[in-house]
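J.: sequence and computational prediction follow.
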Protein chains: 2
Amino acid sequence: MKKIVLIEDDADLYSLVQYNLEKEGFQVVGLQTGKGALDMCRRERPDLVILDVMLPDSDGLEICKGIRASPDIATSPIIFLTARASETDRIVGLELGANDYIVKPFFVRELIARVKIHFRGEKPVSKVLRSGDLELDRAHCTVKRGTGEITLTATEFRLLEYLMSRPGVVFSREQLLDAVWGHDRAVTDRTVDVYVLRLRQKIEPEGAPAYIRSVRGFGYSFNQELSREPAEVK
Amino acid sequence: MKKIVLIEDDADLYSLVQYNLEKEGFQVVGLQTGKGALDMCRRERPDLVILDVMLPDSDGLEICKGIRASPDIATSPIIFLTARASETDRIVGLELGANDYIVKPFFVRELIARVKIHFRGEKPVSKVLRSGDLELDRAHCTVKRGTGEITLTATEFRLLEYLMSRPGVVFSREQLLDAVWGHDRAVTDRTVDVYVLRLRQKIEPEGAPAYIRSVRGFGYSFNQELSREPAEVK
DNA sequence: CCGTGCCGTAATCAGGCTGTAACAGTGATA
DNA sequence: TATCACTGTTACAGCCTGATTACGGCACGG
């Protein structure tokens, strides 16, 4: 489910937009003040941000700049919602990094349609990740190797899921902690080592392929070779 | 350079938009009729399409549908330009697959800004650096020469990455230490020599091209000649 | 209340990466 | 040609990195 952060100080408008977004299946979190908006975005890592420009205690443009300056969430689409309709305002908003600029008053259904644009064309992520004879089912939170089911703990599962989602890509411990443990983690990076070990013990019993690759000096990656279709049969 | 197909029947507006797009460095091709617009898109494979909805001989919505149905160009962004401002028109346009919907009259500079949005955020540097038959993949932390994979240590990899990222540029040992070893390094500059040697041994086995060039008195650089496309055949 | 299992940390160990020193080779300059 | 500065090459000791084990804390369910 897509998560949207909504920053809008007008309570009625906030409710209206929230209601309609949720009706469309989006998860909405938000604030009716500008203060703390940036922190909320950093914390929630939304898939999209809807931002009022004129806020009583803050400036939407500043929040936008802040988002674009935070590596984690810099690429999230931002839609400005504002009564400022002048040419200059529009240009400034768009050039500051907004992905859309909607002038009030607006049609709610148009806003929804414009929100949806940003989620269109995303390839529906397969619910099942496969690599060689290893199979991870996101929906059922299960992992199978060949026919046998493998029991993983929640953390182990998320770690494996993340690694399998981008086979071959090398992730630093830092990145893995961010992705699997969350940003407000208070965990040593050595913890990753231990979990990689535990995963290996479970999914790589004697003689099994080396699913997880250690990349000295960089981190870990899921072995890409195993993700390919079996090459040629001899 | 980005190529834009512009379909707009009003000659004045066509010229105005074309002029402003070209001033921004876009390549503009287009038609002032709807007929043949789809063919033109299929032929030109534009990076973006600007489409008037109400055309004398055709319907922009149909053209949009046609584009989305042509695998080659189905993912090209489409911006509608139209006088139809009703809520229904907007929704229909956006849900048909348009990426933006601009109502006439509009500010040209806003149109330009909205065009630029679609080219923003394209990753500036490819994750893969190539020079001749040498290929360095940043994401996978791997280096290939021809078909064979080359195993590098972390420091070797970072050094090669830095050199390959700016082919032809000569870096002093000082600069390389800063870039590869970090600013708080406590390392002799002769160390660079040793790592260049180790790199050469790994990526330049007997008879291979001289990827890394020593510049006496200055430092090292990656051989630019190898980065170019094979010159001309004699 | 207790037991079980998950979670994160710390300590230990082996292997190989790393950086330095020393020496050899090369090119520039007079 | 002789000399010097710069670069190429080798070898080695130290230490960093990652693997592994063990342990205490914590939450949860019985």
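T.: All right, it came through fine. Residues are numbered from 1 along each chain as shown, chains lettered A, B, ... in the order given.

J.: name the nearest residue to residue A:95, sequence neighbours excluded.
T.: Of all residues not flanking residue A:95 in the chain, residue B:113 sits nearest, at 5.9 Å (Cβ to Cβ, 6 or more residues apart in numbering or on different chains). Where C-beta positions appear, they are placed from N, C-alpha and C, glycine not excepted.

J.: name the residues of the one helix or strand the one you found maps to that are buried.
T.: According to DSSP states H and E, residue B:113 maps onto helix B:108-117. Neighbour counts over helix B:108-117 (16 or more other Cβ atoms under 10 Å in any protein chain shown) mark B:109-115, B:117 as buried.

J.: which strands and helices sit next to it?
T.: For helix B:108-117, the contact count by 3 or more Cβ pairs under 8 Å, 6 or more residues apart in numbering or on different chains; DSSP states H and E identifies helix A:87-95, helix B:11-23, strand B:48-52, strand B:78-82, strand B:100-103 as packing neighbours.

J.: where does chain A get nearest to chain B, residue-wise?
T.: Chain B sits closest to residue A:217 of chain A, with a gap of 2.4 Å, by Cβ to the nearest Cβ.

J.: give the contact list for the nearest residue to that residue once chain neighbours are set aside.
T.: Among residues not flanking residue A:217 along the chain, residue B:154 sits closest, at 2.4 Å (Cβ to Cβ, 6+ apart). Listed by Cβ atoms under 8 Å, 6 or more residues apart in numbering or on different chains, the contact set of residue B:154 reads A:216-218.

J.: could you identify the buried members of the residues you listed?
T.: residue A:218.

J.: out of the contacts of residue B:154, which touch DNA strand D?
T.: For DNA strand D, the contacts drawn from those by Cβ under 7 Å from any atom of the strand are A:216-218.

J.: whichever residue of chain A sits closest to DNA strand D in helix, strand or coil?
T.: As assessed by Cβ to the nearest atom of the strand, DNA strand D sits closest to residue A:214 within chain A, at 3.4 Å. Under DSSP: H, G, I helix; E, B strand; the rest coil, residue A:214 falls in the strand class.

J.: thought it was touching residue A:220?
T.: Yes. Applying Cβ atoms under 8 Å, one finds residue A:214 in contact with residue A:220, separated by 5.9 Å.

J.: overlap in contacts of the two?
T.: residue A:196.

J.: quick one: which of those two has more around it?
T.: residue A:220 (21 against 14; other Cβ atoms under 10 Å in any protein chain shown).

J.: bridging residues for that one?
T.: Beta-bridge pairing for residue A:220 (DSSP bridges): residue A:171, residue A:214.

J.: where exactly do the strands run in chain A?
T.: A:3-7, A:27-31, A:48-52, A:78-82, A:100-103, A:128-131, A:134-137, A:142-145, A:148-150, A:212-215, A:219-222 (DSSP state E).

J.: can you tell me the strand partners of the fourth one and which way each runs?
T.: Okay, so that is strand A:78-82. strand A:48-52 (parallel), strand A:100-103 (parallel).

J.: same thing with the first one?
T.: In the sheet containing strand A:3-7, its partner strands are strand A:27-31 (parallel), strand A:48-52 (parallel), by DSSP bridges.

J.: any idea which of these is most buried?
T.: strand A:48-52 (a mean of 25; mean count of other Cβ atoms under 10 Å in any protein chain shown).

J.: got the angle for that strand vs helix A:87-95?
T.: Strand A:48-52 runs at 160 degrees relative to helix A:87-95, counting by axes from the mean of the first three to the mean of the last three Cα atoms, to 10 degrees.

J.: residues in contact with strand A:48-52?
T.: Under Cβ under 8 Å, 6+ apart, the answer for strand A:48-52 is A:2-10, A:17, A:30, A:34, A:37, A:41, A:60, A:63-64, A:67, A:76-82, A:98, A:111, A:115, A:118-119.

J.: what does chain A have sitting close to chain B?
T.: For chain A, the residues in contact with chain B (Cβ under 8 Å from any Cβ of the partner chain) are A:75, A:87, A:90-91, A:94-95, A:97-101, A:107, A:109-110, A:113-114, A:116-117, A:120-121, A:168-170, A:215-218, A:221, A:224.

J.: my read: residue A:196 touches residue A:212, true?
T.: Yes. Using Cβ under 8 Å, residue A:196 is in contact with residue A:212, at 5.8 Å.

J.: quick check: neighbours shared by these two?
T.: In contact with both residue A:196 and residue A:212: residue A:220, using Cβ under 8 Å, 6+ apart.

J.: give me the number of residues near residue A:136?
T.: So residue A:136, with other Cβ under 10 Å, has 24 neighbours.
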